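**Q** okay, sequence plus prediction incoming.
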Amino acid sequence: MSADGNSDPRLVAVDIKSKTKDVLLSREHANNITDILEKAQSEEDMVVAASLSALQKIFSALLGRNEVYRGKLKAEEGPSGVEIDPRKQYSMWLRQCYMEALQILLRQLSHHNTDIQELALLALLKLVSAEGKYPVSKSGGDRSNFPLRLFQCIVDKLMSSEADQSSVIGQFGHYFQYDDIRLFTFVSLHKNIRTITKEFSQQPSDTYLHNVHSLLQPSQMPTKEDELNNLYVLPTDPDVECRPKQLKEQRRAFTNAWLSFLKNKLPTSLYKQVLLTVDQAVIPHMSSPKLLIDFLTESYNIGGAVSLLALNGLFTLIYKHNLDYPDFFRKLYALFEPSVFHVKYTARFFHLADVFLTSTHIPAYLAAAFIKRLSRLSLSAPVSCLQMLLIFISNLLRRHPNCQVLVHRNDIEGFGADPYDGSEPDPAKCKAIDSSLWEVKSLQTHFHPDVAQVAALLGKPLDPLEEDQSQYLELQTSEMFEKDLNRQSGQVPLEFQVPIGLFGHKDQFNDIWLTEHPTKRLKVVT
């Protein structure tokens, strides 16, 4: 007995499972497919879920039996008016039902229920596997038999311009372990971005760009050719050299997808997320990392937190890919501002700055400019950053002994007589080498003993070994006070002489503070 549309959703789901078994057993029940297609568009989530699973099982089996028509669909009658063979007509009808099922599954990728979205994605990917083994049309995926046309439709639907698809995209990212899924995702995404960019004459929506980034983010890229041996759709000839098995093809598709994404104007929050991971997740896997030079240099020129984050990628390009950036140290010098202590990337910035200034071949005037800049920043820096700044200065003095003249010069008494020009953007013209570190001298009397102790060390001969700066990069003020509270200390004298009375030694009111009146001692007669 069939359940109608007004029945309990659980009964309808049971009826769908029963109809699915009948279709798989005999062609006599093929009309059940039409009923299941109708139920797949129901408003009840339970009915929709049962329908999607049923459609996937039915057409995976029919594709395996070669019952679905292959090639382009033609009219039901030939040009001579002769009717088509009933078997062929049945096969063509199944093909039409299959196309309608795919459209329903693709629409459900935007369903309000994430469980339905994930179920639709799972069904579509299983049909990708089935269609790869038993193709219904000419494959667009080279000699790998990969059904690229169907896969392109899936990627296009995931890249919605209106709805956030991060949940279902996260499930899709689990399939990146397959080399062909990964490759053709990048190929399809690159094509999708170009299409969307043409449709939006000015700028794609922020939602779309976030969806693209969500798809690019979980990519697990191989590093060697022999790692490419895990295919989702197996080719007819296992020894054929198909695109998913070639590392250069993987990197080329990866590069094209990322470059097409980075050409768009990204929202500020997304911009920062990209810069945070570009040095580790993008640059090592690109076919030519130098293609990111324009993007990173433009980001570095923006200023503020964006410039701080762009340092990661620029560092990789300069040290590993020989990028020549003439104004790099001038731009780095400009980033040393008081605001740098009040962003959440402070520790990362000073770590990278220390790496950039590690070389002992930096000119003395340039090293002196950075030392003086750090010294001037110490006047306005939070107390939690002072130890890190002082250790940074001491390490730079160790690397550049010629700059120790800044410590031992005593002819500059204060800010007014200081020849250093803090407003000069060019470190070669700021006259730092003619100045002194009087700011560090002032920190030797700082209220916090740890800061004063580190500052005092700069006035003494420095050990040749550099100090570890990393332990102070993320130091918080609360940690410093917690350390002071837990510090065990002995008795601290508050005066040089122990007070006897309230008004000194000759206190006439001293007896007032006694709990008992003084009494004369009686002599005991023995």
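**A** Arrived safely.

**Q** what about the strands in this structure?
**A** For the chain, applying DSSP state E gives no strands.

**Q** low pLDDT regions in it?
**A** 1-6, 74-83, 138-143, 200-202, 237-239, 410-416, 489-526 (pLDDT under 70).

**Q** again, 50 this time
**A** 1-3, 5, 76-78, 526 (pLDDT under 50).

**Q** what comes up buried for stretch 342-354?
**A** Neighbour-count burial for stretch 342-354 flags 345-346, 348-350, 352-354 (criterion: 16 or more other Cβ atoms under 10 Å). Backbone N, C-alpha and C define where each C-beta goes, glycine included.

**Q** who's in contact with it?
**A** Contacting residues not belonging to stretch 342-354 are listed as 305, 308-309, 311-312, 315, 332, 335-336, 340, 385, 388, 392, 395, 469-470, 473-474 [Cβ atoms under 8 Å, 6 or more residues apart in numbering].

**Q** quick one, which of these are buried?
**A** 305, 308-309, 311-312, 315, 332, 335-336, 340, 385, 388, 392, 395, 469, 473.

**Q** farthest-apart pair in those residues, please.
**A** The distance between the two most remote of these (Cβ to Cβ) is 25.1 Å, for A305 and N395.

**Q** among the contacts of stretch 342-354, which are in helices?
**A** Those of the contacts of stretch 342-354 mapping onto helices are 305, 308-309, 311-312, 315, 332, 385, 388, 392, 395, per DSSP state H.

**Q** circling back: of the buried ones among the contacts of stretch 342-354, which is the nearest to Q108?
**A** Comparing the buried ones among the contacts of stretch 342-354 against Q108 with Cβ to Cβ picks out L309 as the nearest, at 38.0 Å.

**Q** ok, that closest one - contacts?
**A** Going by Cβ under 8 Å, 6+ apart, L309 touches 272, 275-276, 299, 345, 348.

**Q** what's the spacing between it and S51?
**A** Distance of L309 to S51, given as Cβ to Cβ, to the nearest Å: 47 Å.

**Q** check S129 too.
**A** Per Cβ to Cβ, S129 is found 20 Å from S51.

**Q** the two: which has the busier surroundings?
**A** Neighbour tally, S129 and S51, criterion other Cβ atoms under 10 Å: the higher count belongs to S51, 30 against 17.

**Q** wait, that one sits on K17?
**A** No. Using Cβ atoms under 8 Å, S51 makes no contact with K17, being 10.2 Å away.

**Q** my read: V155 touches H190, true?
**A** No. At 9.9 Å, V155 does not count as touching H190 under the criterion of Cβ under 8 Å.

**Q** so which two of the contacts of L309 are the farthest from each other?
**A** With Cβ to Cβ as the measure, no two of these lie farther apart than S299 and R348, at 14.8 Å.

**Q** distance to R65 for the contacts of L309 - can I get that in TSV?
**A** TSV is the format used below for the contacts of L309 (distance: Cβ to Cβ, whole Å):
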residue	distance to R65
K272	53
L275	52
L276	50
S299	55
Y345	59
R348	58
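
**Q** for Q56, which non-adjacent residue is closest in space?
**A** A123 (3.7 Å; Cβ to Cβ, 6 or more residues apart in numbering).

**Q** OK, contacts around the one you found?
**A** So A123 contacts 52-53, 55-56, 105 (Cβ under 8 Å, 6+ apart).

**Q** same check on E67?
**A** By Cβ under 8 Å, 6+ apart, the neighbours of E67 are 90-91, 94.

**Q** can you check D434 too?
**A** By Cβ under 8 Å, 6+ apart, D434 lies in contact with 419-420.

**Q** before we move on, what about V383?
**A** Each residue near V383 by Cβ under 8 Å, 6+ apart is listed here: 446, 448, 451, 477, 480.

**Q** quick one: which of the contacts of E67 is most hemmed in?
**A** Greatest neighbour count in those, by other Cβ under 10 Å, goes to L94: 21 neighbours.

**Q** confirm for me that it is in contact with Y69.
**A** Yes. With contact defined as Cβ under 8 Å, L94 and Y69 form a contacting pair (6.7 Å).

**Q** I16: how many residues sit nearby?
**A** Look at I16: counted by other Cβ under 10 Å, it has 25 neighbours.

**Q** meant to ask about F176, not that
**A** F176 - counted by other Cβ under 10 Å - has 16 other residues nearby.

**Q** residues contacting it?
**A** 182, 185, 218-220.

**Q** now, of those, which are buried?
**A** Buried among these (16+ other Cβ under 10 Å): 182, 185, 219.

**Q** so which of those is the closest to D22?
**A** Closest to D22, out of all of the buried ones among the contacts of F176 and judged by Cβ to Cβ, is T185, at 36.8 Å.

**Q** need the nearest residue in space to the closest one, chain neighbours excluded.
**A** Counting by Cβ to Cβ, 6+ apart, the residue nearest T185 is V155, at 6.3 Å.

**Q** any idea how far the one you found lies from Q165?
**A** V155 is 11 Å from Q165, by Cβ to Cβ.

**Q** cool, and H210?
**A** H210 is 9 Å from Q165, by Cβ to Cβ.

**Q** same check on K263?
**A** Taking Cβ to Cβ, one finds K263 at 21 Å from Q165.

**Q** who has more neighbours, those two?
**A** Q165 (24 against 13).

**Q** hmm, that one is touching Y208, no?
**A** No. Q165 lies out of contact with Y208 (Cβ under 8 Å); the separation is 9.6 Å.

**Q** okay, and the common contacts of those two?
**A** Going by Cβ under 8 Å, 6+ apart, residues that sit against Q165 and also against Y208 are M159.

**Q** of the buried ones among the contacts of F176, closest to P244?
**A** Distance to P244, by Cβ to Cβ, is smallest for R182 among those, at 7.7 Å.

**Q** what sits closest to that closest one if chain neighbours are left out?
**A** Spatial nearest neighbour of R182, excluding adjacent residues (Cβ to Cβ, 6+ apart): F176 at 4.8 Å.

**Q** now W258
**A** V282 (5.8 Å).

**Q** just K39 next, same as before
**A** Per Cβ to Cβ, 6+ apart, closest to K39 is S51, 4.6 Å.

**Q** and what of N113?
**A** D45 (5.3 Å).

**Q** tally of neighbours for the one you found?
**A** For D45, the count of nearby residues is 15 (other Cβ under 10 Å).

**Q** give me the distance between the two termini of stretch 137-145.
**A** 10 Å (Cα to Cα, to the nearest Å).

**Q** err, stretch 158-175, not the other one
**A** End-to-end distance (Cα to Cα), stretch 158-175: 14 Å.
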